[in-house]
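Asks: What would the 3D arrangement of this be:
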Amino acid sequence: MKLEPGLYKIADNSPISKCYYLHVYYEGKRKHFQLNHYHPEKADDFGVLPLEGFRFVKRLKHPLDVRKVRITIEWQDGDDDTFQVSMTNVQMIRILFEKFPEIARAAGANLKPGKRAN
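Replies: Below is the predicted model of the structure:
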């Protein structure tokens, strides 16, 4: 895929297609790209982005039209049992982390001492 610098919506080619934000930019003379929050990667020497398995949807502009957010956190305990919780706002994450500071620490969150929900 060869795209000019900018923000794009792309989708994977799986049966239940998911969309991703693709940020294309130059750092010096080298083209880079970044999918969602993943680490940036360099384009090849010809400026082509190695994005096999994805299709272009459209070019985006800010502000983005975001209508609904769902945040899912998943973790494993010492018995290797998996837990998952989904929420629709950041305040619910804060409450989860305050009630279970072990989850917060495992996620790399810094809670203020003495701050804990009942």
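Asks: low pLDDT regions in the chain?
Replies: By pLDDT under 70, the weakly predicted segments of the chain are 113-118.
Asks: so what does the helix or strand harbouring Ala11 touch, helix or strand wise?
Replies: Taking DSSP states H and E as the criterion, Ala11 maps to strand 6-12. In terms of contacts (3 or more C-beta pairs under 8 Å, 6 or more residues apart in numbering; DSSP states H and E), strand 6-12 is packed against strand 19-27, strand 54-60. Bear in mind the C-beta positions are built from the backbone N, C-alpha and C, glycine included.
Asks: switch to 10 Å and redo it
Replies: Packed against strand 6-12 by the contact rule (3 or more C-beta pairs under 10 Å, 6 or more residues apart in numbering; DSSP states H and E) you find strand 19-27, strand 30-35, strand 54-60.
Asks: Between those strands, which one is closest to Met1.
Replies: Met1 lies closest, by C-beta to C-beta, to one member of the helices and strands packed on strand 6-12: strand 54-60, at 6.7 Å.
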